[in-house]
Every structure is written in C-alpha cells, then in structure tokens.
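Chemist: Sequence first, then the predicted structure:
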Amino acid sequence: MIRRYVKSDFEGLEVLIKKYNNEVSESPVINDFYNANNLSTDFDCFVLVENSKVYGFITGQKIKNDYLLLDVYVDKNKRNQGYAIKLIKKLLDNAKKYKRILSNPENYKSIALLKKLGFKELSENKKNTSKTGIPPYFTHYYLN
C-alpha cells in the first residue's frame, strides 16, 4: 500500500534512509523527513508499506509553479516489482496542478522512470536561484 507519510512512520524510515544514504546519495535525506515531520506545507512524502513495515519512500517539494522530485527509494528486496513507478504516480497525482516536474539530471534512475511515464525533457533551468528557489542544475520535465 502506498500512502501519505505520517509521523509514526519516522522510526521505520530511519533504516531506509540510512540504506539510501549509503547506496544512492552523498547528502543525507534525513532533513526531508524532518520537514515532513514538521508538516511543512510545501513538502510531500509518500511511503510504501506492507505488513506495517516501510519498504520505500518518495519525497517532493512545491516551488512556486514547479514541483521538485527529490528522492525515490525502494528497498532492495522489493525492487523490480513496479513500486518506484507506483510511488512516482502517487506523488504526481498529488502534484497535478503543477505544470512542470523538476529533477536532478544526475538522478538517472528517477529520470528514466519519468520518461517511462511519458515525461519529456523541456530545458535546463538557467534562472537565478534567488528568485526561483530552484537549484540551477535541475532539469524541467513536462507531460505530453
């Protein structure tokens, strides 16, 4: 089952966050969950849960008229079963009103999943980050 993150998920997510940080990311994503725990209105998190155990997560952030896909992670034991796609779809259902999805161009797996869902690369974001709040290296994607 994929559902919105709730505070009681935090302890179960800590194990996944450590795996994610060791496997995927050089920078810890723990702050994303602190944001979610504080119920930041611009931050979204959904979790993959089976038998009360968290096996995956996805995070996103609303930035003005864009939606930034932050992190997607599925436990190794649950991979290749379509869960990452389901997590992305759940996040995107929540972000329908946003015209563009942003992703880090170095996040190859997330980009491949976005393209599999029909997203096309629009352009690199060259705008001033102080005005947009978006890191300059993020790439815009749009759904045809």
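Modeler: All right, it came through fine. All of these numbers come straight from a predicted model, not from anything done at the bench.
Chemist: tell me what the top strand by length along the chain is packed against?
Modeler: Scanning the chain for the strand with the most residues, using DSSP state E, yields strand 53-63. Using 3 or more CB pairs under 8 Å, 6 or more residues apart in numbering; DSSP states H and E, the elements in contact with strand 53-63 are helix 10-23, helix 30-37, strand 43-50, strand 66-74, helix 83-94. Placement of C-beta: from N, CA and C, glycine included.
Chemist: tell me which residues of the last one are tucked away?
Modeler: Of the residues in helix 83-94, those with enough neighbours to count as buried (16 or more other CB atoms under 10 Å) are 83, 84, 86, 87, 88, 89, 90, 91, 92, 94.
Chemist: and if you look at the longest one?
Modeler: Going by neighbour count (16+ other CB under 10 Å), the buried part of helix 10-23 is 10, 12, 13, 16, 17, 20.
Chemist: helices or strands next to it in the packing?
Modeler: Contacts defined by 3+ CB pairs under 8 Å, 6+ apart place helix 10-23 against helix 30-37, strand 53-63, strand 66-74.
Chemist: one step back: what's the mean pLDDT across the longest strand of the chain?
Modeler: The average pLDDT within strand 53-63 is 88.
Chemist: relative to helix 83-94, how tilted is it?
Modeler: In terms of direction (axes from the mean of the first three to the mean of the last three CA atoms, to 10 degrees), strand 53-63 departs from helix 83-94 by 40 degrees.
Chemist: Noted, bye for now.
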